[in-house]
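>>> Have a look at this prediction, sequence included:
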There are 2 protein chains.
Amino acid sequence: MPTSEGRRDQSGLKDQVAIPQACAACGVRSLTVCAPLDNEALAAVDAIASRHTYESGQNIFDEGEPSNHLFNVTQGTVKIYKLLADGRRQVTGFLFAGDFLGLASEAAYAYSAETITEAKVCRFRRGQLDELLQRFPQMERRLLVIAGHELAEAQEQMLLLGRKTAKERIASFLLLLSRRAKQAGRSEDPVHVPMSRTDIADYLGLTTETVSRTFTKLKTQGLIQLKAGNMVALSDREALAEIAETD
Amino acid sequence: MPTSEGRRDQSGLKDQVAIPQACAACGVRSLTVCAPLDNEALAAVDAIASRHTYESGQNIFDEGEPSNHLFNVTQGTVKIYKLLADGRRQVTGFLFAGDFLGLASEAAYAYSAETITEAKVCRFRRGQLDELLQRFPQMERRLLVIAGHELAEAQEQMLLLGRKTAKERIASFLLLLSRRAKQAGRSEDPVHVPMSRTDIADYLGLTTETVSRTFTKLKTQGLIQLKAGNMVALSDREALAEIAETD
DNA sequence: CACGCGCTTTGATCTGTGTCAAAGCCGTCG
DNA sequence: CGACGGCTTTGACACAGATCAAAGCGCGTG
C-alpha cells in the first residue's frame, strides 16, 4: 500500500496507478460520482479536484452566476434554494456527504447554495470535468443515474408541496432525513436535524410557526421526541409512515 | 437521396448509411435525444425503436410498474402524475413532442403517464437503449443535458408549488406553455391549452374552482382572452410576466 | 454565571383557498 | 336538432395554515 502522495504517480503502467491519497481518505466515495471509477480514472479526477472547506452559513454560489464549477459534498450539510423578488424562499433540496452539486445548471446556476453546517467539498472546473466525462464514460453513466435519482426525488417533493397537509409534510421530511442518514452511514433513529425551523419551513412550503406547532403536535401524540443537539427520535416510525403517505 | 426504407442498410460503409425513413420523417428530431446523432447512430436507434399511437386519455404506464420501456414523445401531449392513497393527485409534468419520458425511473416507474391528446411515441426497451448509450456516448451526453434541463424545471416548479399564490401560479403556467409551444414550433401567442381544469389544478397544487376563478380574474383584468378550441391569448404578456415572478 | 441575542414556541386572529352546491355551457349522439 | 352528460363557472361558506404578537429558551460571551 503506497504511503506516498500518489497523486502525481506517472509510472506509465495504468493498472499500477495508486489511489490518490485524498480520494483514499474519502469516506463517502462509494456514494458519489466517483464510486465506479478505477484507480486510473480516480487519479484523473483527483488531479482536477480542489478541496474546499466552508464554515456553517457560508454561501457557495448564487443563482444566476456563471456555473464555472461543479461540486461534490464530502462532509456536512448544504441547502440549495431559489428566491422570488420579494424575498420568498423555496429550499429545493438539502445535500449531504456524497451528494453531487450542480447537475441542474447550464451556463448559469439554477439556484443558490449555502452551507448549513461546516462542510467540505471537492470542486471541479466545468470544462475539465466535461473532458473527464468524455474520457471515462462510466463516470458519465453514473451521473445520469444520479440525475435520475434526483428527478425522482424532485417529483416526490412536488407531490408533497402540491398535495400534502402540514402534518404529512413534516412526517415525510423526518422519514426522508432518516433514510438519507442511514444511507450515508449515520444514525437513522435519533436523526440529526441540523437545519433551522426557517429552512425546514422553506423546504416544505410552510411557515416556521406551522413547522414548530406541527413538531409539538407530533411530540404530544408520542410519535417523536425532541432531544438535545437537534436530534429527533422517531418513536413511532409506523405511524409516521402512515401519516406521510396518506392521512 | 434514398427512397428505400434504409433501416436494414448493411452496406458496411458507415458514412453512407442513410437516415432511416421513420427518423427522416420525424419533425421533432432536433428537439429530442436523437438530435446529436449521425446517420449510423440514427439507424441503430431506429432499429430498436417501435412506434406507437395512443388515443386521448390513454394510460401509457403506471407508477410502480417495472420500467421496461423508455419513450420519446413525437406528437401530442402527455401528463405524468403521482397519486396518494386517498386519490389526491399531483401532475408533475406535461410532455410535448420532442420530450423524453422515463428518465426519472430506476427499476420501476416513479410516476404514471397518460395521454391528454392523441399522441405518438417512439418506444425503446431499456436494455437495448442502454446498449446504444454505451455505443454512442454523444447520446448519453445528450440525455445528461436533458436531465439537467428537467431538474432545473423541477426546481422552478417547487418554487411555484411552495411559495407562489394562485394568480402567480396561473400566470407562470400560461407563460410556460407559451414558451414550450414556441420552442416546439407551435403558436406561442394564442397558446393551445389542451389539458382540463382538473389537470391544470393538479399540476399547480390548486382546485379546479380556484383555477377557473383565477382564469376569470385574469380575463376580467384584460390580461388574457379565452378563445374557441382551448386557445388562450396572452393579451398582456408584460403584466403576466410581472405577476409570475413577483406580485 | 449573568446578560443578551437569535431562534423557537405558543397564542390570537385573519385570509386565501378549499369545500360544498348549483347553475351554465357545449359538444355528442340518438 | 333536442336532450343528455361531462366539464366549467359562479356562489356561499368553512377551515388549514398564514400573519401578527409576545413569551420562552438556549447558548455563546464577557
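Done, it's in.
>>> Next, give phi and psi for the spatially most central residue of chain A.
Per C-alpha atoms, centre = their mean, the C-alpha nearest to the average position across chain A is that of A:Leu95, at 1.8 Å. Note on A:Leu95: its backbone torsions stand at phi -110, psi 140 [degrees, to the nearest 10].
>>> if I look at it, how far off is A:Leu144?
18 Å (C-beta to C-beta, to the nearest Å). Heads up, the C-betas are built off the backbone N, CA and C, glycines and all.
>>> in chain A, which spans are helices?
A:21-24, A:39-48, A:126-135, A:137-163, A:166-183, A:197-204, A:208-220, A:237-245 (DSSP state H).
>>> Relative to B:Gly205, which of those is closest?
Closest to B:Gly205 of those is helix A:137-163 (C-beta to C-beta; 3.3 Å).
>>> ok, the closest one near chain B or not?
Yes - using C-beta under 8 Å from any C-beta of the partner chain, we find that helix A:137-163 touches chain B at A:137, A:140-141, A:143-144, A:147-152, A:154-159, A:161-163.
>>> tell me the angle of that helix relative to helix A:237-245?
80 degrees (axes from the mean of the first three to the mean of the last three C-alpha atoms, to 10 degrees).
>>> Give me the mean pLDDT for stretch A:71-78.
If you average the pLDDT over stretch A:71-78, you get 96.
>>> Touching that stretch from outside, list them.
Where contact means C-beta atoms under 8 Å, 6 or more residues apart in numbering or on different chains, the residues beyond stretch A:71-78 that reach it are A:26-28, A:32-34, A:51, A:54, A:56, A:60, A:94-102, A:113-124, A:194-195.
>>> Mind giving me the PyMOL command for buried ones among the residues you listed?
Buried residues within these, by 16 or more other C-beta atoms under 10 Å in any protein chain shown, are selected in PyMOL with:
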select buried, chain A and resi 26+28+32+33+34+54+60+94+95+96+97+98+99+100+101+102+113+114+115+116+117+119+120+121+122+123+124+194+195
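>>> Which ones among the contacts of stretch A:71-78 lie within strands?
A:51, A:54, A:60, A:94-95, A:100-101, A:113-115, A:119-124 (DSSP state E).
>>> Of the residues you listed, which is the nearest to DNA strand D?
Checking these against DNA strand D by C-beta to the nearest atom of the strand gives A:Thr115 as the nearest, at 16.6 Å.
>>> so who does the closest one touch?
A:54-58, A:60, A:76-79.
>>> Next, the buried residues of the least confident helix or strand in chain A by mean pLDDT.
The helix or strand of chain A with the poorest confidence is helix A:21-24; it has a mean of 85 (mean pLDDT, DSSP states H and E). For helix A:21-24, a neighbour-count test (16+ other C-beta under 10 Å) marks A:22-23 as buried.
>>> Same check on stretch A:193-212?
A:193-195, A:197, A:199-206, A:210-211.
>>> how far out from the middle of the chain is it?
18 Å (C-alpha atoms, centre = their mean, to the nearest Å).
>>> circling back to that earlier point, drop anything exposed from the residues of helix A:137-163 next to chain B.
The neighbour count (16+ other C-beta under 10 Å) marks A:140-141, A:143-144, A:147-148, A:150-152, A:154-159, A:161-163 as buried among the residues of helix A:137-163 next to chain B.
>>> what helices or strands is the least confident helix or strand of chain A leaning on?
Counting contacts by 3 or more C-beta pairs under 8 Å, 6 or more residues apart in numbering or on different chains; DSSP states H and E, helix A:21-24 is packed against helix A:39-48.
>>> near chain B, anything from the helix it packs on?
No - counting by C-beta under 8 Å from any C-beta, chain B is not contacted by helix A:39-48; separation bottoms out at 14.9 Å.
>>> next one: stretch A:213-225
No - Stretch A:213-225 stays clear of chain B (C-beta under 8 Å from any C-beta), getting no nearer than 15.8 Å.
>>> A:Arg179: neighbour count?
By the criterion of other C-beta atoms under 10 Å in any protein chain shown, A:Arg179 has 12 neighbours.
>>> What does the pLDDT read for the closest residue to it other than its chain neighbours?
Leaving out its chain neighbours, the residue that sits closest to A:Arg179 by C-beta to C-beta, 6 or more residues apart in numbering or on different chains is A:Glu188, at 7.3 Å. A:Glu188 carries a pLDDT score of 93 in this model.
>>> just the one 5 residues further on next, same as before
We note a pLDDT of 96 for A:Val193 in this prediction.
>>> cool, A:Asp46 as well?
A:Asp46 is given a pLDDT of 94.
>>> what's the closest non-adjacent residue to it?
A:Pro20 (3.6 Å).
>>> hang on, isn't that neighbour packed against A:Glu40?
No - the pair A:Pro20 / A:Glu40 is not scored as a contact, 10.8 Å apart, by C-beta atoms under 8 Å.
>>> More neighbours: which of the two?
Shown here are A:Pro20 and A:Glu40; by other C-beta under 10 Å, A:Pro20 has more neighbours (23 against 15).
>>> and chain A, which residues reach DNA strand D?
Counting by C-beta under 7 Å from any atom of the strand, chain A comes close to DNA strand D at A:165-167, A:205-207, A:209-210, A:228-229.
>>> residue ranges with poor pLDDT in chain A?
Chain A contains residues with pLDDT under 70 at A:1-16, A:246-247.
>>> and the residue in it that DNA strand D sits nearest to, what is it in contact with?
Distances between chain A and DNA strand D by C-beta to the nearest atom of the strand are smallest at A:Thr210, namely 3.2 Å. Residues in contact with A:Thr210 (C-beta under 8 Å, 6+ apart) are A:166, A:201.
>>> I'd like to know how far it sits from A:Gln90.
From A:Thr210 to A:Gln90 the distance is 15 Å (C-beta to C-beta).
>>> show me the contacts for the residue lying closest to A:Glu150 once chain neighbours are set aside.
Once flanking residues are discounted, A:Glu150 sits nearest to B:Leu151: 5.9 Å by C-beta to C-beta, 6+ apart. Contacts for B:Leu151 (C-beta under 8 Å, 6+ apart) come out as A:103-104, A:110, A:147, A:150-151, A:154.
>>> now, which of these sits nearest DNA strand C?
A:Ala154 (20.6 Å).
>>> residues touching that closest one, list them.
Contacts of A:Ala154 (C-beta under 8 Å, 6+ apart): A:92, B:104, B:151, B:154-155, B:158.
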